[in-house]
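> please work out how this folds:
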Amino acid sequence: MYRLRLFLVMLCLPLVASLLAQSLAERLDPILASPRDSHQMRKFRNLHKELINTGEIVHDTLFERALALAHELHDTLSLTVLHANQSVYNLNMGEVGKGLVNIDEAIKYAIASNQADWLPFSYTVKMELLMVGGNTKESAELASAQAKEYHKTGDFYNEAEAYQLLSKISASLGNYELTMMYDSIAIALARQINNPGLLASILCSSSDNYNLLGYPEKGLLLAEEALVVAEENKLEFEIGNLLNSRAVANTALGNYAEALKDHELLKELEGDQGYSWWMIGRGILLQRIGRHEEARKLLLEAVQLIKATSNNPLELKRCYQALQTVGLNQAQYDSVAWYGKLMETEQDSLQTAKNIRNLLELEEKYKAEEKEAEIRLQQEQLARQAQEEQLARQRVKLYATACGLLLALIMGIIFFRLSQRLEKSNLEKEQLLSEKETLIGEIHHRVKNNLQVVSSLLQLQRRGLDSDDEKGQEALLESQSRVGAMGLIHIKLYQGKEVTSVHMPEYLEDLGETLLDAYRLEEQVEIFYDVADINLKVDIAIHLGLIINELVTNAMKYAFPKGQEGTIEIALYRENDQLLLVVADNGVGTAGAKKRADSTSFGSNLIRLLTKKLKGEIKVLEGQGYGVEIRFPEQGLVND
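Below you'll find the predicted structure:
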């Protein structure tokens, strides 16, 4: 709500200072006494903005008078602005039903008069009203549809705002992955168009989302970055929001002194104006540092303010939850907060799950259009990625060769030097090895980031495909899973201690869970793992990961039709100086699997090609379901 008020403050800031001390009658009488023309209409609009910005009560009759004049003058722009302003007022007062009626009128007049500036704003207000009113699915559908339309027309500013709202919805449902994805898209768009005000606003919203989801460390980093942007560009209208976001993150992290400093800065910035979001945040902080009477007083004042204005149920809930813990010590607070969270989770789990399913279905509905062009783009990205990987491998070899020559030179010098310099030479060797590991780790980090970009592009491409284009959806999803299989290896290398080998048990379990999640079969299919505790070289692990990705994907697509439950086994172990890979399922088998006339056999060809690269032999197992056994030499084994 606060940010919607700020939008209007920017439009009428010069009027607020001069009119703030006047009564409504003193401001309204001169307007009514003036001629009923466009000048009077402009004065009505300015008065409405000023009243909304200062939080004053605006009676319906005041809006009705202005609307009657706009109809009389056939002024469609004013009709758009008046209905939009009234809907913002309704939103601030918690009157969702009336707000939706007014914003629909604003959208109607904006479309009729081709108001390019007010139409996106009106849609944004409608999304906010639907979200506050609990219509999460409808709000998300509208936001996704508008994001798609803005993308088509190149309106990246409003596209970023649509994704910002989608991230808020995802955060309110507790879905970390979707929140992170939508936030990253919105931030990238804001950086692309180089709009500091939009970037600061989106970073602030993202900080609030991470604080809400229980990741205050990330929320603190985003708030501090946004404050730097706001201060460098003198965005004073955003600083209040950002200080509050940083204070909330510091409170959650236990940095109470820093949080108190932010609240003092907020008080200096906002003066004596009472905003419920500020009062709630400060009340929670006072409770955590033991100033319980001040906390209780401030939270009760916040309750009265919310009831008198927006009557927002979410803010009232936060107040009541905070009041429950006033007077408790830290251990008592932790206990009450924990069990309260468990109770709330049990109460809301069914509805949250339904809302998340709706949001995920919506994500599938809106994918990028023109399948052939986007598949070509995906292929170009993969080719470029392969070139970058080859260059990275050549760079690693070059660095390794250079380091080896340097090491040999040092060792030769050591044989001709005095024994007193031996310790110094050993220290130089350790430093060189550390630098080498750092360079290799950085390469894996960059490759991982590039693969994540490719995966995100594939996901965006799928958004525009028609919902009935199953072949296109399937092709992009399979490509995304292949990229994910390769990217997962580089994530493990970057996060782990080893930078040249992959721990296979951990990698294969993560790969299997990723595929179950991608095909949404967690409740239908179970994967059993029988993987020896071995490490493989990176290139061998990549080939093996792609083979397993194809076999498990085929099992998920064809082995268990019509909701049939089943299991998939993944086994990898040593046998007679060879490595043995087995991937098998207990599904319907080859005879019972659905045949597809449009099959390209790309997956099968890929498996055979990769098996050949491993110098292995492939064999189809007999028995129930379908299984494959691949034997290959131990040339990629790192640990015995």
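
> can you list contacts of the host helix or strand of residue 612?
Residue 612 belongs to helix 602-613 when assigned by DSSP states H and E. Applying CB atoms under 8 Å, 6 or more residues apart in numbering, the contact partners of helix 602-613 are 478, 543-544, 546-547, 550-551, 553-554, 617-618, 628, 630, 632. Backbone N, C-alpha and C define where each C-beta goes, glycine included.

> flag every buried residue along it.
Along helix 602-613, these residues count as buried under the neighbour rule (16 or more other CB atoms under 10 Å): 603, 607, 610, 611.

> can I get the residues you listed in TSV with distance to residue 501 and pLDDT?
Shown next, in TSV, are these (distance: CB to CB, whole Å; pLDDT from 0 to 100):
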residue	distance to residue 501	pLDDT
603	27	80
607	23	91
610	19	90
611	21	93
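
> before we move on, back to that, and the contacts of helix 602-613, which two are furthest apart?
Using CB to CB, the two most remote members of the contacts of helix 602-613 are 478 and 617, lying 25.2 Å apart.

> counting neighbours, go ahead and name the busier of those two.
Neighbour count, other CB atoms under 10 Å: between residue 478 and residue 617, residue 478 has more, with 19 against 12.

> what's the closest of the buried residues of helix 602-613 to residue 79?
Among the buried residues of helix 602-613, residue 603 lies closest to residue 79 (CB to CB), at 58.2 Å.

> for the helix or strand hosting residue 97, name the packing helices and strands.
Per DSSP H and E: residue 97 is located in helix 96-112. Under the contact definition 3 or more CB pairs under 8 Å, 6 or more residues apart in numbering; DSSP states H and E, helix 96-112 sits against helix 76-92, helix 118-132.

> chain center to the shortest one: distance?
Using CA atoms, centre = their mean, to the nearest Å, the distance from the centre of helix 118-132 to the centre of the chain it belongs to is 21 Å.

> could you identify the helix or strand that succeeds it?
Following helix 118-132 toward the C-terminus (DSSP H and E): helix 136-153.

> would you mind writing the CA trace of that next one as CSV?
Taking Å, rounded to 0.1, in the frame of the first residue of the first chain, the C-alpha atoms of helix 136-153 are listed here in CSV:
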residue,chain,number,x,y,z
THR,A,136,-4.2,-15.6,-5.6
LYS,A,137,-4.8,-17.6,-8.7
GLU,A,138,-6.6,-14.8,-10.6
SER,A,139,-4.0,-12.3,-9.6
ALA,A,140,-1.2,-14.6,-10.8
GLU,A,141,-3.0,-15.3,-14.1
LEU,A,142,-3.4,-11.6,-14.7
ALA,A,143,0.2,-10.9,-13.9
SER,A,144,1.5,-13.7,-16.1
ALA,A,145,-0.7,-12.5,-19.0
GLN,A,146,0.4,-8.9,-18.6
ALA,A,147,4.1,-9.9,-18.4
LYS,A,148,3.7,-11.8,-21.7
GLU,A,149,2.0,-8.9,-23.4
TYR,A,150,4.6,-6.4,-22.1
HIS,A,151,7.4,-8.7,-23.4
LYS,A,152,5.8,-8.7,-26.8
THR,A,153,5.7,-4.9,-27.0
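
> run through the stretch 351-500 of the chain and note the low-pLDDT ranges.
Within the stretch 351-500 of the chain, the set of residues satisfying pLDDT under 70 comprises 351-377, 379, 419-420, 422, 425-499.

> dump the residue contacts of residue 515.
481, 549, 552, 553, 556.

> going along the chain, name the strands of this protein.
501-503, 525-531, 535-537, 566-575, 578-585, 617-621, 626-633 (DSSP state E).

> residue 541 touches residue 506, doesn't it?
No. Between residue 541 and residue 506 there is no contact under CB atoms under 8 Å: 11.3 Å.

> next one: the residue nearest the centre of the chain from residue 263, what distance?
In the chain, the residue lying closest to the centroid (CA atoms, centre = their mean) is residue 180, at 1.7 Å. For residue 180, the distance to residue 263 (CB to CB, to the nearest Å) stands at 28 Å.
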